[in-house]
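> Predicted model, plus sequence, below.
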Amino acid sequence: MAKKRIFPALCLTFLVLGAQPQAQADESPVLRPQQWAQPVATQYNLYQMSPTLYRSALPDSAAQPLLETLQIATVINFLPEADSTWLKTPGVNQVQLPYRTNHVDDQDVLAALRAIQTAQAQGPVLMHCKHGADRTGLMSAMYRVVVQDWSKEDALKEMTQGGFGDNSHYKDGANYMMSADIPQLRSALSSGACSTSPFASCVVMNWLKPGKA
């Protein structure tokens, strides 16, 4: 029984280590699973994950007509630089949630997933980082696992073998996902908690607000 429990984690590790050669092959339309994000505009590394969720690299002003065609209502940005430098379309909500994959924690993931779900009520959502690979890739994978109930193995395959970019950047995000407590994340997302830990910075900051004593 112990070997059976260890096997899935080992498989995840091997998937990360062996992802680079497979990524090029999986870019073929014939081999690409239908449930994976499907390409929309390769120049922006833009893919559709669901009827109301897209992922991409950093767009530019020339991408605005395309986003209008896709009826994007919210753009979620994982970079420290604001989207206002290129996004001028009136009525499009801009949400900025910068983070780094080598410092990601449950608080970052819950903030992103909650922002996606809230924004989807207003229309299609685009999330992006600079290249559309590591930061966007991790949040896409966590959305698959926490919200869409994918297995970690399936989400990791899409993240590392989906043709989204340089697989050498996926290690930190993959390690986080492998160790994440998915039931706890689902519970926190449902309850409105900002983290799975009672000692997270967002929880402590809430304690320090006036009237919380």
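Sure thing, it's come through. Predicted, not measured: the structure shown is a model, and the values here were computed from it.

> And the residue nearest the centre of the chain, which helix or strand is it part of?
Against the mean C-alpha coordinate of the chain, by CA atoms, centre = their mean, the closest residue is Met139 at 1.6 Å. Element membership for Met139 (DSSP states H and E) is helix 134-142.

> could you pull out the strands for this structure?
Under the criterion DSSP state E, the chain contains strands at 38-41, 46-50, 53-56, 74-77, 93-96, 125-128.

> Can you report the mean pLDDT over the residues of stretch 71-79?
If you average the pLDDT over stretch 71-79, you get 98.

> buried ones in that stretch?
Ile72, Ala73, Thr74, Val75, Ile76, Asn77, Phe78, Leu79 (16 or more other CB atoms under 10 Å). Heads up, the C-betas are built off the backbone N, CA and C, glycines and all.

> From Tyr176, how far out is Val75?
24 Å (CB to CB, to the nearest Å).

> Could I get the contacting residues of the residue nearest to the centre of the chain?
Phe78, Val109, Ala112, Leu113, Ile116, Met127 (CB atoms under 8 Å, 6 or more residues apart in numbering).

> quick one on the thing from earlier: out of the buried residues of stretch 71-79, which one sits closest to Asp105?
Phe78 (14.3 Å; CB to CB).

> ok, the closest one touching Ala133?
No: using CB atoms under 8 Å, Phe78 makes no contact with Ala133, being 11.1 Å away.

> Share the number of residues neighbouring the nearest residue to Asp181 once chain neighbours are set aside, please.
Counting by CB to CB, 6 or more residues apart in numbering, Asp181 lies nearest to Thr196, which is 6.5 Å off, once chain neighbours are set aside. Using other CB atoms under 10 Å, Thr196 has 20 other residues around it.

> wait, what's in contact with Thr196?
Asp106, Leu110, Asp181, Gln184, Leu185, Ser187, Ala188.
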